[in-house]
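*Asks:* Mind looking at a prediction? Sequence and model below.
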Amino acid sequence: MKIAGELDERISEMGLGERSRFEQRVRRLTASSTSQPDFSGFHEVFRDHAGAEPTPEGDVRRAFYLSYNDANCAYLTNDEIFGRLDAGIDVVSATFVTPYPPGFPVLVPGQVSSREILTFIRDLDTPEIHGYQPDFGYRVYTEKAIEMCRPTDAQITNGHRRVISESAEQMLEPNFE
């Protein structure tokens, strides 16, 4: 009761702007958050195809290092991504997309973006989103980069990963210029 009384007294002494900010903070703490979407999975070129049956697990390492070459990536806004999704074109994240706070990635390199995921990110009440640039959008792989990473019919060489084409190998080379 004492705490509630002190809080009521503090609120009554607040100016309009301060009271509005206080009420906004209370709403953030008490309002239900946005519902979580199905977080999709890895694009087929980043999945493990070495076994008898493909698995949904992805090769984040390969997807992460593919983005070191800027020629493999582009920036797309929400509207541009929605347009590609509507046209049936996969949009694949080239970076970690992490709302902060709390600091947990919503997208990782190699993961397919979806309308639900982007809507979820947009609806979060967070001050910043690492991996998203408001002036440019999300960093994603170009269709050419995805096409170059498609596995060939070559034999498995290292026990778990197929050999990729020579041109794809060149695209994986980091470009530090």
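*Replies:* Cool, the structure landed.

*Asks:* So the closest residue in space to Phe39 that isn't next to it in sequence versus Phe64, what's the distance?
*Replies:* In space, and not counting its chain neighbours, Phe39 is closest to Ile117: 6.6 Å by Cβ to Cβ, 6 or more residues apart in numbering. Heads up, the C-betas are built off the backbone N, CA and C, glycines and all. Taking Cβ to Cβ, to the nearest Å as the measure, Ile117 falls 18 Å from Phe64.

*Asks:* which one of these two has more residues nearby?
*Replies:* Neighbour tally, Ile117 and Phe64, criterion other Cβ atoms under 10 Å: the higher count belongs to Ile117, 21 against 16.

*Asks:* one step back: the residue nearest to Phe39 is in contact with Leu107, isn't it?
*Replies:* Yes: Ile117 is within contact range of Leu107, at 6.5 Å (criterion: Cβ atoms under 8 Å).

*Asks:* quick one: the closest residue to Phe96 other than its chain neighbours from Glu53, how far?
*Replies:* Take Phe96 and drop its neighbours on the chain: the residue closest to it by Cβ to Cβ, 6+ apart is Pro105, 4.7 Å away. Taking Cβ to Cβ as the criterion, Pro105 is separated from Glu53 by 27 Å.
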